[in-house]
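**Q** coords please:
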Amino acid sequence: MGTSPSSDNSTPSAASAGAGQPAGERERVLQIRWVAQSDRPAPIAASSPAEALELMSEGSRAFGSLGSTGGDVEMRLDPEAFGFVNTRDDDGILNQEPFAAVLSCSDARVPIELALGRGANDLFVVRIAGNVPGAECLGSLHYASEHLPRVQLFSVIGHSQCGAVTAAVDALLDPATYLPVAQLAPLREIVDSLFGSVRLAAYAMQQVTGDATFIAAADSPRLREVLIAVSAVANAALGANVVARNLGRESAFGVYDLVERTVGSMRSGGWESGMRMAPKTDAELGSVIREAAEGYLAEAGLA
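**A** Modelled structure (predicted):
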């Protein structure tokens, strides 16, 4: 990544960045440019939850395209985001003006701002293992709701192969693995809060297959992996529902897929990039989870 304090918007191209390298290596250059003092409006403004959702979805698709469509993404940021003093401001300090708030997992493989194609001061981010909307996280989101008027949308974003979700799944499939977790109260609090999502995922899978999911998955590594994947979707969708109810604000959800490298969700017809508005009713939530179950089971050849 590079930054440029110049005002002519000149930045190195992907080709020039690879100058001097063999042709094959130049083709593999991936470049994200953070450009200061550009013509990008600062801050980014979203006039509605739908517009904020589309900004994040578009950014996710741009990040996911790195390596397949030229490997070149440019993010235009207010120079104050890099610490440059704006002489037009009295204090020369950047005001906090994000257009959306995100509750996401702490996993180091999920660089949430980059994964959404966003830069500094675009998002108000709260991170915790398992993207669980507990009291402290909801308190932070309440702060954003009350004190950051530009925030148009609140969102919960999980990810594939989540360690916290996996721990919750394994605790229900093999209770013996739960003892070390139960002995650490802070960790137990996180894992326990995920049991509801895992049970909803298991119920959806049982509706699709007709088999008792916990019994079958305990003896099937492939079914266990499907249960983990569906649980990640259930957890994000349920979390977004909880956030919307708690704040009285519009909320959205998505899952960052470590293979696809986009934020989206599994549908009955396969993976679909882009965030979705939070389910508002129990029936809508059940539909989201069942659709994920159908998609992941089909992908695994188990439907």
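**Q** give me the element the residue nearest the centre of the chain is part of.
**A** In the chain, the residue lying closest to the centroid (C-alpha atoms, centre = their mean) is residue 157, at 3.4 Å. Element membership for residue 157 (DSSP states H and E) is strand 153-159.
**Q** same question for residue 295.
**A** Element membership of residue 295 [criterion: DSSP H and E] is helix 282-299.
**Q** give me every residue that touches residue 162.
**A** 105, 107, 130, 228, 232, 235 (C-beta atoms under 8 Å, 6 or more residues apart in numbering). (Glycine included, C-beta is placed from N, CA and C.)
**Q** where does the nearest residue to the third one once chain neighbours are set aside fall, phi/psi-wise?
**A** It refers to residue 130. Closest residue to residue 130 apart from its sequence neighbours, by C-beta to C-beta, 6 or more residues apart in numbering: residue 164 at 3.2 Å. Backbone geometry at residue 164, expressed as degrees, to the nearest 10, gives phi -70, psi -40.
**Q** now do the host helix or strand of residue 243, average pLDDT.
**A** Secondary structure assignment for residue 243, by DSSP H and E: helix 221-247. Regarding helix 221-247, the rounded mean pLDDT is 97.
**Q** what does stretch 30-43 give?
**A** The average of the pLDDT scores along stretch 30-43 is 64.
**Q** for the stretch 1-150 of the chain, give me the ranges with low pLDDT.
**A** Counting by pLDDT under 70, the stretch 1-150 of the chain shows low-confidence ranges at 1-29, 36-43, 67, 69-71, 81, 83, 85-89, 92.
**Q** redo that, cut-off 90
**A** Residue ranges of the stretch 1-150 of the chain with pLDDT under 90: 1-45, 62-63, 65-97, 117-121.
**Q** and the strands in it?
**A** With strands called from DSSP state E, counting those that start in this stretch, the stretch 1-150 of the chain shows them at 2-4, 31-36, 72-77, 100-104, 123-127.
**Q** how about the fourth one: buried residues?
**A** Pointing back at strand 100-104 there. Buried residues in strand 100-104, counting neighbours by 16 or more other C-beta atoms under 10 Å, are found at 100-104.
**Q** export those to a markdown table and tack on distance to residue 210?
**A** Formatted as a markdown table, the buried residues of strand 100-104 follow (distance: C-beta to C-beta, whole Å):
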| residue | distance to residue 210 |
| --- | --- |
| 100 | 40 |
| 101 | 40 |
| 102 | 37 |
| 103 | 35 |
| 104 | 35 |
